[in-house]
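K.L.:
Pasting a predicted model and its sequence here:
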Amino acid sequence: MANLDSSAPTHVAISSQIGELTESRQELLTRIKGLKQDLQRWKSKIETQAKAYRGEIFQLKVSLDAEVENLKTELQDLWTTLQQQQDDVPVCLINSRMHGASRDTKEIANPAEID
């Protein structure tokens, strides 16, 4: 019976440790549950922000695409105008030379009529 008497305090100590471990386990489970809830809230908030950002990015893309198209149109108009002006320069030079030649001819024929 001496063996039973000496094992009684050990049994109490083990029971006490089991109780502490059970309590610690419950605390850890509670903390894990809280962390899971925090993670779920964080995930939901991130998903909401991501959705909003995707919407903003889409709107910016549409706006940018429209602006690019406007710039392309303006550039094409400028290019067309430049081509027309380049085409008009030789005609102006030819007209200017012809006008100058005809004026020279008039000066030779009637110098008094030209002012």
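P.N.:
All right, it came through fine.

K.L.:
so where do the helices sit in this protein?
P.N.:
2-109 (DSSP state H).

K.L.:
what residue ranges in it score low on pLDDT?
P.N.:
In the predicted model, the chain carries pLDDT under 70 at residues 1-6, 100-115.

K.L.:
any idea which residue sits dead centre in it?
P.N.:
Closest to where the C-alpha atoms of the chain average out (Cα atoms, centre = their mean) is residue 57, at 5.4 Å.

K.L.:
ok, now which ones touch that residue?
P.N.:
Neighbour list for residue 57: empty [criterion: Cβ atoms under 8 Å, 6 or more residues apart in numbering]. Using the backbone N, CA and C atoms, a C-beta is placed for each residue, glycine as well.

K.L.:
gap between it and residue 44?
P.N.:
To residue 44, residue 57 is 20 Å away according to Cβ to Cβ, to the nearest Å.

K.L.:
Repeat that for residue 20.
P.N.:
Per Cβ to Cβ, residue 20 is found 36 Å from residue 44.

K.L.:
Then residue 85?
P.N.:
61 Å.

K.L.:
do the same with residue 24
P.N.:
In terms of Cβ to Cβ, residue 24 sits 30 Å off from residue 44.

K.L.:
swap in residue 54?
P.N.:
16 Å.

K.L.:
what does stretch 29-46 contact?
P.N.:
Contacts of stretch 29-46 (Cβ under 8 Å, 6+ apart): none.

K.L.:
Check the offset of that stretch from the chain's centre.
P.N.:
30 Å (Cα atoms, centre = their mean, to the nearest Å).

K.L.:
For residue 98, list the residues it contacts.
P.N.:
Per Cβ under 8 Å, 6+ apart, neighbours of residue 98: none.

K.L.:
Ok, residue 83 next?
P.N.:
Residue 83 touches nothing, counting by Cβ under 8 Å, 6+ apart.

K.L.:
what's around residue 62, how many residues?
P.N.:
By the criterion of other Cβ atoms under 10 Å, residue 62 has 10 neighbours.
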